[in-house]
Structure formats: structure tokens, C-alpha cells
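Colleague: Need coordinates for the below:
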Amino acid sequence: MTFDRYGMLWVLCNGGFARQNYAELVELNTSTNLLKKLLYSRTKDASPTCLKIDGNGQTLYYLIMVSGKMDIGAKDLPAATLITPQSGQNFYKIGN
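Modeller: Residues are numbered from 1 along each chain as shown. Got it, this is the predicted structure:
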């Protein structure tokens with residue numbers, strides 16, 4: 001979970017331990033407690049983890065075996081990756 005520059009709460013739900021569900025990235029309005037945005041991963045196997053936000057509260061970063069980023073105003077999870085690891089390697093965490 002993380003807060004953006006507007007006080008919205010972003011929650012990353014990974015789809016379950018066995019990836020039985022599609023992952024969800026949820027934006028909640030903390031003033032009204034209402035769902036503002038709900039984004040789904042493209043496949044069940046591509047469940048994002050390690051949600052972080054930049055110092056400006058504008059850009060979200062996450063891992064889906066590769067490194068990705070998304071502007072908080074985006075309407076879908078982006079298909080492009082930020083950084084792709086070398087063959088046989090995966091990312092484990094994103095630092096603070």
C-alpha cells in the first residue's frame with residue numbers, strides 16, 4: 001500500500017499465493033472511502049508485487065518478474081517494462 005500526492009490510497013493485491021485470481025491495483029479515495037480505480041493484470045501469471053511510489057507521489061513502481069512503472073493518472077497497467085533482468089535472473093524487491 002502507498003499514498004499518492006492527492007492522498008489517494010493505492011493497494012496492490014497479488015492474485016493469491018497460487019495466482020488463482022488476476023492481480024488488482026486499487027485506488028481508494030481516503031476522504032470518501034470509495035473505490036476510485038480498479039486495474040487488473042493482463043494474465044494471472046503476471047501478478048505485480050512490491051508497490052512503491054516516487055518522492056513526488058506521482059509515479060508508481062512495481063515488479064512483475066521485471067520492473068514496471070505507471071503514472072497515477074493511467075487508465076490501465078502499462079504493457080512496457082522499465083527494466084528487464086538478464087536471462088535467468090529476476091528482481092526480488094524494490095528499495096525505499
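Colleague: got a list of what residue 49 touches?
Modeller: If you count contacts by C-beta atoms under 8 Å, 6 or more residues apart in numbering, residue 49 has them with 12, 14, 62, 63, 64. C-beta coordinates here come from the backbone N, C-alpha and C atoms, glycine included.
Colleague: Name whatever forms a beta bridge with residue 26.
Modeller: Beta-bridge partners of residue 26, counted by DSSP bridges, are residue 11, residue 38.
Colleague: Is it in contact with residue 13, as I believe?
Modeller: Yes. The pair residue 26 / residue 13 is scored as a contact, 6.7 Å apart, by C-beta atoms under 8 Å.
Colleague: Skipping its backbone neighbours, what lies nearest residue 9 in space?
Modeller: For residue 9, ignoring the flanking residues on the chain, the nearest one in space by C-beta to C-beta, 6 or more residues apart in numbering is residue 28 at 4.5 Å.
Colleague: Isn't the one you found up against residue 8?
Modeller: Yes. Residue 28 lies in contact with residue 8 (C-beta under 8 Å); the separation is 6.6 Å.
Colleague: intersection of neighbour lists for those two?
Modeller: Common neighbours of residue 28 and residue 8 (criterion: C-beta under 8 Å, 6+ apart): residue 36.
Colleague: Is residue 51 in a helix, a strand, or coil?
Modeller: Applying DSSP: H, G, I helix; E, B strand; the rest coil to residue 51 yields a three-state assignment of strand.
Colleague: Okay, it and residue 72: tell me how far apart.
Modeller: Here residue 51 is placed at a distance of 12 Å from residue 72 (C-beta to C-beta, to the nearest Å).
Colleague: shared neighbours, these two?
Modeller: Shared contacts of residue 51 and residue 72 (C-beta under 8 Å, 6+ apart): 10, 60.
Colleague: can you list the weak-confidence ranges in the protein?
Modeller: In the predicted model of the chain, residues 46-47, 64-68, 77-96 satisfy pLDDT under 70.
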